[in-house]
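> Sharing a sequence plus its predicted fold:
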Amino acid sequence: MITRLNRLVRDTNKWSVFTLAIVLFLALPILFIGVELFAGPGESWNHITEYLLPEYILNSLYLIVFCSLLVLIFGVSSAWFVSRFEFPLRKQMEWLLILPLAIPSYIVGYAYAGIFDYGGSLNLILRYFNLDFIRIDVMNKAGLAFVLSISLFPYVYVSARAFFLNQANNLLEASKMLGVGEAKSFFKLMLPLARPAVVAGLVLVLMEVLNDYGAAKYYGVNTFTTGIFRSWFSLEEPQTAVYLSAILVVIILALILFEKWQVRKMKFNSVKTNNTQLERKETKGSQKWLIFSVVMLPVLLGFILPVAQLIYWATITASTVFDTAFIMLSLQSFGIAISSAIITVFFALLLIYFSKWSALNFIKNVAKVGVLGYAIPGAVIAIGIMLPTIAFDKWLIQILGQFGIDSGLIINGTLIALFYAYAVRFLAVAYHPIDSTALKVSESIPDSSKVLGVGHLKTFRKIEFPLIKTGVFSAVILVFIDVMKELPLTLILKPYHVDTLAVKAFEYASDEMVMEASIPSLFIIFTAMIPVIFLNKLLINK
Amino acid sequence: MLTIQSLSKSYDKGKNFALDDVTIDLKAGDVCAIVGESGSGKTTLVRLIAGLERPDEGSISLNGKVIASDKKFVQPEKRKIGLVFQEYALFPHLTIEENILYGISKLKNKKKRAQEMLDLVGLSDLGKRYPHQLSGGQQQRVALARALAPEPSLLILDEPFSNLDAMLRMQLRNEVFDIIKKTGVTVLFVTHDTQDALSVADEIMILQNGKVIQKDAAANLYVKPNTLYVASLFGNTVQINKNLQTAFKCPLNENCCHAIRNEKFKVFPTHDGTDPKSIDECDHITKADVIKKVVLGDSIQLLLKLESGEQLTVMTQDSNIADSIYIGFNSNDILEFSEEN
Amino acid sequence: MKKIFLAIIAISIFTACKNDNQQKKSSTNEKSQDEEVMTLYTHRHYKPDQSIIKMFEDETNIKVKVVNASADELIQKMKMEGKQSPADVIITVDAGRLHRAKEQDLLQSIESDVLEKTIPSHLQDTDNQWFGFTKRARIIAYAKDRVKPEDLSTYEDLTAEKWKNKILIRSSSNIYNQSLMASIIANDGEEEAKEWAKGIVNNMARAPKGSDRDQVKAVVAGEGDLAIVNSYYIGKMLNSPDSEEVETAKKIGLFFPNQDGRGTHVNVSGAGVTKYAPNKENAIKFIEFLVSEKAQKEFTNLNYEYPVIESVEPTADIKAWGDFKEDNLELTKLGENNKKAVLLFDEAGWK
């Protein structure tokens, strides 16, 4: 017992303390929400549970079920076809299938509303053929599920493709040798084996689905996130919003536990064999074009159609939207995204390396708590940051006021709060690429530096950082894209003189100027698209 | 100079011990080899000495100063121990020269020192190359140069030759130890290969399941192994169990465990049922049928069925083997161990 | 290439941070000596507003810093900023939100003869804390080929059996609907209002969704016969850059309800001077400018709203709809009844 205590004292170093501090810092917003729960809900809570909560729950469940279904169909089929078959434009398809990630789902929502609208593109085409009695209405639950699925399926596509490409070949060959056909091999062997990879992607999708505010609001579907906005802003009861947030967090935790349980059940899959890359099958004639169309469909629906609609709108409204102020706004948006990406990656690096340098083993597990922010919807994080920063600011104003200094709000309503929130929300996005590249650097490399008499920080600067540069770089890009697209958190926390392209697009759309929203939307897509393509290259080169 | 006392380390909170109560004393200038299979704890021992892991119990002192105990822990960068990693761990983005300079950046005449080290390991002209441009053996020597550059008082080599093929291995082993002998540094040398250990070490320690089971001069280990395990590390060994004792009619002490080295068996080919002449040379002998004969290059592996029905595998150099033979050994070749292992 | 890229990053980071500093400066109430400034918190991000602000700047040499966000967010923001708020004027697109700001002690009473005289009294706050500066009416857009205008009469009549599955209206989270509901609560009482909401829900052609424009399009598409929409959206559709929208808008007829009774429900875009306005004088000047003829003409010509002053005529498109009797209910009531309206909507099952 004494030695154990001695060891604890011996092994507690400044890195352990720093790691704990960072984790605490990142978990603070969530802790605050937890604490706020004890204060009881606002006065409209009963009203909400009676009239609205059942709807929120049903709608959220509906979205979870149908989005899962659609995302699986789009994501897994396209991943299998591009990994297994050779067909026209296959190489291009591989990255085209990722592009829907460059479009925020609410913007896909606007575009589809425009396409299916009365007087919208589809309606006009049908009218030309005198078929305009056909009307498809997308602005409902089903439409929302479709829009979210078609813009989020790449998460499943990416993880399923990685599995098929790198881990499936030996097993597939074995199956072939046993005389099992293509289709049966897929359904009986590949699909069950890919399940952990697919479920991991799916959980990401569902988190995004529950996080969505823009599309649900526009399509008039009441979900937890719209409910949080409603109770905070329309009913002016942050307390009630906190309660709704807590329920939402419980749902998401359930999803995460489901994934963990899935993975545990599927432990056999973690057996890593030295697999060769999956061999592609040549396709011929009608089969070739059938596969081409199946893969093309999600690209068409998730990227080409919405972007075409946006470009059409943009040509109509360019003159009214595009001016110097807009260029400034774009630059600002870009600047915010890149700054927060750098800050977030910085935090991720601190967390990864401080916990590594800490000699206490449990610290390494504690560090993982820091990445949970990704599971928490933006609106919830925003509330969690608003509460403590206001309290802190008010306290500071009081203190400084005694010295006659009028400081104003230092954190709240400034970029600091926004950057903080992005760091909390997107830390996991930065953490994973860095962590996986860091894992590829053999432990003995930094060890040998230390044995040669060089300390942690210098070792990191001279040895580790140069070796994990690509990971850090892709982390910056990934966070950048996410921040460019982020809406609910930005809406609540942004300084009011600062706009982002995402917010601008949302404001136009909610002011019934959805056509005007096309230009900021296209700007987001464009700035996010380049890194997405670039990232695909980076991933393939690995 | 290196004193390790009752050192223990567990990675699963005391359920299993990677190192269990290990005590070592190393004199300055010694070359000591630690031999063990993978999982025996030898890498853990190296990492504990280098400061890359922290002990659960026990202490390590270097040159009279405690560098690790349950109260004290000196960071690896402050220990001045040279370590050559199994996979060399050269910094891939630095040149050979930069790799060597890395640990001596505070030295005044560092450039000169680096060149000396390159000369020492015979890579004088390759300073500007990158590690991936070198062969495995060259990388090995760079790693050695890098570790020796800061003039450590203790040099640890962790499986230094395991990544090389057999021919290169022997050649490089001699080269490396020639270089080391020139510097006179104390060496702790970890390997799973007894050949490595026997050829260069003054003293050898055998590690099994985290425990030191024997520590002795190289020659003694072959002759007087403590356990059956140690005996088998240094050559094929056959345990003489109850059945064999009956077969060879040599009752032995029941409280001990006995074995004999495979090469100590004597095989007497018989022809036409006549007994061979030299049969008296053996204390214990029995008749056997050859069930299977496998020619392994210069030697032959025989699967025998002894008269008692017992089966036994032995090696012989004699290619002229009949279907029925005599086999025997001498009592003074029997190894006796105090307890079973 | 790399340098250009880095330069863009540097510039954009600079832009982002520069604005942040500006905010701090104004929040510490430092007024530079030679430059007159004021900060405007506004929900309106329409083109004419920008040109009106420009006109104001040119005329008065007062620089206007504009902060754009929804009224709800702006009010939350001001509450949090408290005394430190840089805002001088807040503009919302309905009276209810202004009343809420007043209730939360975010506005101050001001004295201005100009405002007092030009703006009709029911369009301004009783304590002079806020003033409406443009009007919009919530009217009925009907399918010309299916509905006889003679059959239409009042908002209340829309709950009648004959309109079963015929009515299109957007969701209850929309502020214009909340204000309409608030006016019905004020006129008919809470119980009646709840019954009315239930009646409308019964008669809905589809679940509420989309914008006011979407309701109009749905009428033309034949999903329903009537849409309850704001007048200025029709004006905007008639002048849309999208020719399809223009065609759509031409296909509907407009009806101003309750002409024989209290009049059609109107709401305003309004402005108020904030309680801790650092530049109060400039703020008053600005609001006065909003009701000047120049500004009023811009509002009606470019945004198709009704002017609040008599000397300015509505723009031709709106004028063509004819004069109408408006409900002279004090708009303060809209604010007072807002939360009630939201809760009653929920109870009536209005999504």
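Arrived safely, thanks for sending.
> domains for chain B, by residue range?
For chain B, automatic domain parsing gives the domain ranges B:2-226, B:237-337.
> Flag whichever of those has the least confidence on average.
Least confident of those, judged by mean pLDDT, is domain B:237-337 with a mean of 81.
> Just give the nearest non-adjacent residue to the residue in the stretch 401-542 of chain A that chain B sits nearest to, would you?
Closest residue of the stretch 401-542 of chain A to chain B, C-beta to the nearest C-beta: residue A:452 (3.1 Å). To be clear about C-beta, it is placed using only N, CA and C from the backbone, and glycine gets the same treatment. Distances taken as C-beta to C-beta, 6 or more residues apart in numbering or on different chains place residue B:103 nearest to residue A:452, at 3.1 Å, with adjacent residues excluded.
> now for the host helix or strand of residue A:196, which elements pack on it?
In this assignment (DSSP states H and E), residue A:196 forms part of helix A:191-211. Identification of packing neighbours for helix A:191-211 by 3 or more C-beta pairs under 8 Å, 6 or more residues apart in numbering or on different chains; DSSP states H and E yields helix A:53-84, helix A:141-152, helix A:154-167, helix A:224-229, helix A:238-265.
> Give the buried residues for the last one.
Using 16 or more other C-beta atoms under 10 Å in any protein chain shown as the test for burial, helix A:238-265 gives A:238-249, A:252, A:255, A:259, A:262-263.
> For the chain, just list every one of the strands.
Unless you meant another one, I'm taking chain A. Shown for chain A, the strands assigned by DSSP state E span residues A:85-86, A:281-282.
> think we crossed wires, I meant chain C
Using DSSP E, the strands of chain C run over C:36-42, C:62-68, C:89-92, C:130-143, C:167-168, C:226-230, C:252-255, C:266-273, C:306-307.
> Report the buried residues of the fourth one.
Along strand C:130-143, these residues count as buried under the neighbour rule (16+ other C-beta under 10 Å): C:130-143.
> mean confidence score for it?
If you average the pLDDT values across strand C:130-143, you get 92.
> The residue of the stretch 401-542 of chain A closest to chain B against residue B:101, yeah?
No. In this structure, residue A:452 is not within contact of residue B:101 by C-beta atoms under 8 Å, at 10.1 Å.
> Could you report the neighbour count for residue A:128?
The number of residues packed near residue A:128 is 9, by other C-beta atoms under 10 Å in any protein chain shown.
> just to revisit the earlier point, export the helices and strands packed on helix A:191-211 to a markdown table and tack on mean pLDDT and distance to residue A:369?
Listed next are the helices and strands packed on helix A:191-211 as a markdown table, based on pLDDT from 0 to 100; distance: least, C-beta to C-beta, whole Å:
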| stretch | mean pLDDT | distance to residue A:369 |
| --- | --- | --- |
| helix A:53-84 | 92 | 25 |
| helix A:141-152 | 94 | 26 |
| helix A:154-167 | 85 | 23 |
| helix A:224-229 | 86 | 23 |
| helix A:238-265 | 81 | 13 |
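> can you tell me which of those helices comes nearest to chain B?
When those are compared by C-beta to the nearest C-beta, helix A:238-265 sits nearest chain B, at 19.1 Å.
> so does the closest one get close to chain C?
No. Helix A:238-265 stays clear of chain C (C-beta under 8 Å from any C-beta of the partner chain), getting no nearer than 8.7 Å.
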